[in-house]
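Trainee: can you look at this prediction? I've put the sequence above it.
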Amino acid sequence: MSKSIVCLDPGHGPGCVNGSPDGSYKECEFTWDLYTRLRPLLEAQGIIVVGTRKQESDYPGLSARASVSNRAGADLFVSLHSNAAGSSARGFVAFTSAPPETAARNRLAAAIINRIHAAGVVLWGSGLAHEMYTVLASTTAPAVLLEYGFHTNAQDLALLKDTAYRDKLAQATCAGICDYLGLEVKEPDQESGQPNEPDSWAREAWSKAAAAGIFDGTRPRDGLTRQEAAVVLDRLGLLPEKGA
């Protein structure tokens, strides 16, 4: 039996202005980080994943993102985002292009919403809304655009910045996609992406880095923030002393 193909679209790209009012959060950084968490989870289920961005520095246009999915013959398209509105709006919402509920795109959205809600994530309204966004209207596969929370809301913002919460979002999204595809969700082993274990190709280097005190031995698969990068460079002795 042929494997299912999922096109993942980490929304926006470098230089995007979408972010929290206090400047502590950028939507483009969140979407790429969530993509790096979700992709290996899907691949561990035997799903072929196609990304609309090959690296974090890519910034394809909206039509180009849809074209990636169409050329790949994807079975479904999932765009990853966070939302913005007034400070009181909060919660997860999945957008599709239009009703009815029986359409494949809305059955996909419902499967993801059910898993997200079961994971304890707050929903915005019913959790489902409709807009003719370009990436939804231009894809041939059933398509959803997922807004995982409002980065303009203090409660959502704190969650969106939390690494454990991001893992929960990725796991729930993966489970929802599997439900839609009729796949039984398999628990990942270490080779296929346990959050607290490095992949096999990185295990030796990770062990050396932890033993040398460069890293603390936790979160091997998390993204590296700028401040964490500064600490790593300092531990390696690559930063000049103050006043030097």
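Mentor: Perfect, thanks for sending it. Bear in mind the structure is a predicted one, so any value in this text is a computation, not a measurement.

Trainee: flag every buried residue along the helix or strand hosting residue 209.
Mentor: Take DSSP states H and E as the rule and residue 209 turns out to sit in helix 203-211. Of the residues in helix 203-211, 206, 209 count as buried by neighbour count, 16 or more other Cβ atoms under 10 Å. Glycine gets a C-beta too; all of them are placed from N, C-alpha and C.

Trainee: again, but for stretch 147-164
Mentor: Buried residues in stretch 147-164 (16+ other Cβ under 10 Å): 147, 148, 149, 150, 151, 152, 153, 156, 157, 159, 160, 161.

Trainee: out of those, which is nearest to residue 51?
Mentor: Within the buried residues of stretch 147-164, the smallest distance to residue 51 is 17.6 Å, found for residue 148 (Cβ to Cβ).

Trainee: hmm, that closest one is touching residue 92, no?
Mentor: Yes - between residue 148 and residue 92 there is a contact under Cβ atoms under 8 Å: 5.7 Å.

Trainee: find residues that contact each of those two.
Mentor: residue 121 (Cβ atoms under 8 Å, 6 or more residues apart in numbering).

Trainee: what segments of the chain are strands?
Mentor: In the chain, the segments counted as strands under DSSP state E are 5-10, 48-51, 76-83, 92-96, 123-130, 143-150.

Trainee: can I get those in CSV with distance to residue 237 and mean pLDDT?
Mentor: Formatted as CSV, those follow (distance: least, Cβ to Cβ, whole Å; pLDDT from 0 to 100):
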stretch, distance to residue 237, mean pLDDT
strand 5-10, 34, 98
strand 48-51, 36, 97
strand 76-83, 37, 98
strand 92-96, 44, 98
strand 123-130, 48, 98
strand 143-150, 39, 98
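
Trainee: got the contact list for the helix holding residue 209?
Mentor: Applying Cβ under 8 Å, 6+ apart, the external contacts of helix 203-211 come out as 198, 215, 216, 217, 220.

Trainee: and that helix, how far from the chain's centre?
Mentor: How far helix 203-211 lies from its chain's middle: 26 Å, per Cα atoms, centre = their mean, to the nearest Å.

Trainee: can you check stretch 40-48 too?
Mentor: Worked out by Cα atoms, centre = their mean, stretch 40-48 lies 14 Å from the chain centre.

Trainee: using PDB, write out every CA atom in it.
Mentor: What follows is stretch 40-48, C-alpha atoms only, in PDB (Å, rounded to 0.1, in the frame of the first residue of the first chain):
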ATOM      1  CA  PRO A  40       9.500  13.500  12.700                       C
ATOM      2  CA  LEU A  41       6.400  12.500  14.600                       C
ATOM      3  CA  LEU A  42       4.500  12.100  11.300                       C
ATOM      4  CA  GLU A  43       7.500  10.300   9.700                       C
ATOM      5  CA  ALA A  44       7.600   7.900  12.600                       C
ATOM      6  CA  GLN A  45       4.000   6.900  11.600                       C
ATOM      7  CA  GLY A  46       5.200   6.000   8.100                       C
ATOM      8  CA  ILE A  47       3.900   9.200   6.500                       C
ATOM      9  CA  ILE A  48       5.900  11.000   3.800                       C
END
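
Trainee: ok, the residue nearest the centre of the chain to residue 148 distance?
Mentor: By Cα atoms, centre = their mean, the chain has its centre lying nearest to residue 34, at 2.4 Å. According to Cβ to Cβ, to the nearest Å, residue 34 and residue 148 sit 7 Å apart.

Trainee: quick one: low-confidence parts of the protein?
Mentor: Low-confidence segments of the chain (pLDDT under 70): 1, 187-197, 199-202, 243-244.

Trainee: if we can go back for a sec, which residues are common contacts for residue 34 and residue 148?
Mentor: Residues touching both residue 34 and residue 148 by Cβ under 8 Å, 6+ apart: 80, 169.
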